[in-house]
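A.B. asks: sequence unknown, structure follows:
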């Protein structure tokens, strides 16, 4: 069971780091371009909510293991 807990905590840390990057981009208004298209800041808000939720979910699952 320890391997499952470790996996969940590592997943939570990675998703949390990605959520942090998204919120920093959204608050600072950094531009991001993929080829000729600019990615709107709204995408970072959505990314923050999704990855933040996944991080919280992983921590909650790890705590009940």
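C.D. replies: Arrived safely, thanks for sending. Bear in mind that the values here come from a model prediction, so they are computed numbers and not experimental data.
A.B. asks: When you work out contacts or count neighbours from here on, use the C-alpha atoms and nothing else.
C.D. replies: Will do.
A.B. asks: Now do the helices in the protein.
C.D. replies: 2-28, 41-64 (DSSP state H).
A.B. asks: Tell me which strands the least confident helix or strand in the chain by mean pLDDT pairs with, and in which orientation.
C.D. replies: One helix or strand of the chain scores below all others by mean pLDDT, DSSP states H and E: strand 32-34, with a mean of 91. Sheet pairing here is set by DSSP bridges, and for strand 32-34 it gives strand 37-39 (antiparallel).
A.B. asks: Identify the residues contacting residue 9.
C.D. replies: Going by C-alpha atoms under 8 Å, 6 or more residues apart in numbering, residue 9 touches 58-59, 62.
A.B. asks: hmm, back to that, let's have the helices of the chain in a markdown table, adding distance to residue 35.
C.D. replies: Written out in a markdown table, the entries for those read as follows (distance: least, C-alpha to C-alpha, whole Å):
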| stretch | distance to residue 35 |
| --- | --- |
| helix 2-28 | 19 |
| helix 41-64 | 16 |
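A.B. asks: Let's have these in JSON lines, adding mean pLDDT.
C.D. replies: Converted to JSON lines, the helices of the chain look like this (pLDDT from 0 to 100):
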{"stretch": "helix 2-28", "mean pLDDT": "96"}
{"stretch": "helix 41-64", "mean pLDDT": "96"}
